[in-house]
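**Q** Predicted model, plus sequence, below.
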Amino acid sequence: MLMDIDRELRYTRDYIGQDAFSERVLAAIAAVPRHYFVPDELQDAAYDNGPLPIGHGQTISQPYIVALMTDLLRLTPDAVVLEVGTGSGYQTAVLAQLARQVYSIEIVGPLANAAAARLHRLGCINVEVRQRDGYLGWPEHAPYDGIIVTAAAPYIPAPLIAQLKAGARLVIPVGDSGGPQQLLLVEKDAAGVVSERAVLPVAFVPLVKS
Ligand code: SAH
């Protein structure tokens, strides 16, 4: 899987403007057993570099996209991160390897419960999962050192920008469902000024309104 991620990185290097992902991110991906997050009937494909269905019309993200989005966050070991769209919990487990604490929110109750149980069994003790609406973020634990959204929104929800620490990054796919979407890297500088850059055309499930 890491070789496939590297191959796709080389195909997309001109878009994303980088030649490599950090060793820390690659080690985190190597450390998380993806088959644990994939339904029984799809176990054979668990380490393919593609998205897979996880029920409720949702998907576990493609490993290359998980690597890219995680890398863009530039997390340090003391970081507190917000993830919107827990899904299977796979991306959450990768973040948990890299950050001090991960708060993850998921709008589909059964997915949130299943992911929380799975992450607990896997021994991820620095993760909290809740059923909540990602458009609102999770203000109680803000501000965050990084925010990652794993579903596409038609616009960047203002509460997520408000919950970002100065100097921190937000990675979010923006665009209509089924239409063109761009993965955006949003940065809030030390003075609180927000800038954004389109990194790569992507295809995500929609961030739904509750
Ligand atoms: N990171 C996940 C990918 C999940 S797909 C993984 O690695 O498995 C995107 C997830 O976002 C879905 O589970 C979907 O239910 C969730 N979602 C959609 N709209 C949401 C919203 N408004 N708030 C929180 N989660 C949402």
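**A** Nice, I can see it. A quick note: this is a predicted structure, and the numbers were derived from the prediction, not measured. Numbers count the residues shown, from 1 in each chain.
**Q** Against which helices or strands is the lengthiest strand in the chain packed?
**A** The longest strand of the chain (DSSP state E) is strand 164-175. Secondary-structure packing of strand 164-175 (3 or more Cβ pairs under 8 Å, 6 or more residues apart in numbering; DSSP states H and E): helix 63-73, strand 144-149, helix 158-162, strand 181-188. Using the backbone N, CA and C atoms, a C-beta is placed for each residue, glycine as well.
**Q** How about residues contacting the longest one?
**A** With Cβ atoms under 8 Å, 6 or more residues apart in numbering as the test, helix 63-73 has contacts from 1, 4-5, 8-9, 16, 18, 21-22, 25-26, 28-29, 34, 47, 49, 51, 61, 79, 81, 90-91, 94-95, 98, 146, 148, 150, 169, 171, 183, 185, 199-200, 202.
**Q** Then the second one?
**A** Surrounding strand 144-149, the residues in contact under the criterion Cβ under 8 Å, 6+ apart are 69-70, 73-76, 78-85, 91, 95, 99, 103, 134, 137, 160, 163-165, 168-173, 207.
**Q** Now restrict the residues you listed to buried residues only.
**A** With burial judged by 16 or more other Cβ atoms under 10 Å, the buried subset of the contacts of strand 144-149 is 69-70, 73-75, 79-85, 91, 95, 99, 103, 134, 137, 160, 163-165, 168-173, 207.
**Q** Alpha carbons of the longest strand of the chain, as PDB, please.
**A** What follows is strand 164-175, C-alpha atoms only, in PDB (Å, rounded to 0.1, in the frame of the first residue of the first chain):
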ATOM      1  CA  LEU A 164      -8.800  26.900  14.200                       C
ATOM      2  CA  LYS A 165      -5.800  28.200  16.200                       C
ATOM      3  CA  ALA A 166      -3.600  30.900  14.800                       C
ATOM      4  CA  GLY A 167      -0.800  29.300  12.800                       C
ATOM      5  CA  ALA A 168      -2.900  26.100  12.200                       C
ATOM      6  CA  ARG A 169      -4.200  24.400   9.100                       C
ATOM      7  CA  LEU A 170      -7.600  23.200   7.900                       C
ATOM      8  CA  VAL A 171      -7.800  20.600   5.100                       C
ATOM      9  CA  ILE A 172     -11.200  20.300   3.400                       C
ATOM     10  CA  PRO A 173     -12.700  19.200   0.100                       C
ATOM     11  CA  VAL A 174     -15.000  21.900  -1.200                       C
ATOM     12  CA  GLY A 175     -17.500  21.500  -4.100                       C
END
